[in-house]
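**Q** Whatever this is, show me its structure:
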Amino acid sequence: MTGMPQRFTPLQRALHWLMAICILAMLFIGVGMVSSIAPKYLSLVAIHKSLGAVILILALIRLAVRWRYGAPALPADLPAPMKLAAKLSHYLLYTLMIAMPLLGWGMLSAANYPVVLFGGVHLPMVLPQSDSLHTALWNAHFYLAFVFFALVLMHFAAALFHALVRHDGVFEAMATLPGGESSRDRTSR
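**A** Okay, here's the model as predicted:
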């Protein structure tokens, strides 16, 4: 690479927005699951498991793509605490995008529940059956979901701050309008 890119690559942007949709759906499905005893519960669980596997795979791909292509530099005039917050929040987002599906998989394994995805794909058990381990993993998965949701809200708020207040190109580095242009591309003509 000859320099820092000005924007994320089209692949990075596509992965970001696809994962944003998946993660938001996952969070709301999770809330629906834990608040329901209706017959829809089993359908929500099936979707939750499959979507978790999709998110794990996409997060690993996204991490590899990020490692390969990097990310645009943050604006030089961005205060140091905000740069640190951006860096730490991205580390935490990547950690949770990978950890949450693994915790769920481990939790189901510890409960000796089959992990069956769409298409009848069976994932192997990754942990031995253990009621105490299942409870610990369930609690971790449950409470980290709130942390994840809060982090997603902060990420969204930061994106709006960069787009509507600072106008510093950070939002445009990831945003794409139909036809592949960002709002900054259209206004610079």
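**Q** Give the next helix or strand downstream of whatever helix or strand residue 54 lives in.
**A** Using DSSP states H and E, the element containing residue 54 is helix 40-69. Going down the chain from helix 40-69, the next helix or strand is helix 80-110, by DSSP H and E.
**Q** what distance separates that following helix from the centre of its chain?
**A** Centroid separation for helix 80-110 versus its chain: 8 Å, with Cα atoms, centre = their mean, to the nearest Å.
**Q** picking up where we left off before, report the inter-axis angle for the helix holding residue 54 versus helix 80-110.
**A** 130 degrees (axes from the mean of the first three to the mean of the last three Cα atoms, to 10 degrees).
**Q** May I see the buried residues of helix 40-69?
**A** 44-45, 47-56, 58-59, 62, 65-66 (16 or more other Cβ atoms under 10 Å). Every C-beta, even on glycine, is put in place using the N, C-alpha and C of the backbone.
**Q** And the contacts of stretch 82-92?
**A** With contacts defined as Cβ atoms under 8 Å, 6 or more residues apart in numbering, stretch 82-92 is touched by 74, 78, 151, 154, 155, 158.
**Q** Give me the most central residue, this structure.
**A** Central residue of the chain (Cα atoms, centre = their mean): residue 97, 4.6 Å from the mean position.
**Q** Next up, the contacts around that one.
**A** So residue 97 contacts 19, 23, 55, 56, 59, 62 (Cβ under 8 Å, 6+ apart).
**Q** What is the least confident helix or strand in this protein?
**A** When the helices and strands of the chain are scored by mean pLDDT, DSSP states H and E, helix 183-187 comes last with a mean of 46.
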